[in-house]
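[1] Let me see the structure of the following:
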Amino acid sequence: MRISTVREFRDRATSLLRSDDPILVTRRGRVAGVFLPWREATLPVDLKRELFSMLTAEIAHQLKRKRVTEKEILQDFTRWRKGRRETGRRR
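    Just a heads-up that it's a prediction; the model follows:
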């Protein structure tokens, strides 16, 4: 397993992501994430379910911590979309 700082991972992402070795990414000496190479075309359904569960729980936690409601997010998205249509530009 290779260990990389966030900065190194950012700067060398292309070459690091081509590696067959797992990469432990650290920020200030603490684990920030892990990259596990996956050579299969698709992920197993059980893994997809687990990832979905983890991601939704983290999103819910962040929204609660920042005191943001789903209604506010939808309103913000609607305003953004309306502004985008009015300018006639696609980003």
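[2] Return the per-residue confidence for the residue nearest the centre of the chain.
    By C-alpha atoms, centre = their mean, the chain has its centre lying nearest to L55, at 8.7 Å. With respect to pLDDT, L55 scores 90.
[3] Quickly note the distance from it to T5.
    The spacing between L55 and T5, counted by C-beta to C-beta, to the nearest Å, is 24 Å. For every residue, glycine as well, the C-beta is placed using N, CA and C.
[4] quick check, V25 in a strand?
    Yes. According to DSSP: H, G, I helix; E, B strand; the rest coil, the state of V25 is that of a strand.
[5] Which residues are in contact with it?
    4-6, 9, 31-35 (C-beta atoms under 8 Å, 6 or more residues apart in numbering).
[6] now that we're looking at the residue lying closest to R27 once chain neighbours are set aside, how far away is I23 from it?
    Spatially, and ignoring its direct neighbours in sequence, R27 is nearest to V6 (4.8 Å; C-beta to C-beta, 6 or more residues apart in numbering). The gap separating V6 from I23 is 11 Å, by C-beta to C-beta.
[7] how many neighbours does A32 have?
    A count of nearby residues for A32, using other C-beta atoms under 10 Å, gives 13.
[8] Could you do A13 as well?
    Count around A13 with other C-beta under 10 Å applied: 13.
[9] Let me see the domain layout of the protein.
    For the chain, automatic domain parsing gives the domain ranges 1-39, 41-91.
[10] most tightly surrounded among these?
    Comparing the domains of the chain by mean neighbour count (mean count of other C-beta atoms under 10 Å), domain 1-39 ranks first with a mean of 12.
[11] gap between it and the chain center?
    14 Å (C-alpha atoms, centre = their mean, to the nearest Å).
[12] re earlier: next, the residue nearest to R27: phi, psi?
    The phi and psi torsions at V6 (degrees, to the nearest 10) take the values phi -60, psi -40.
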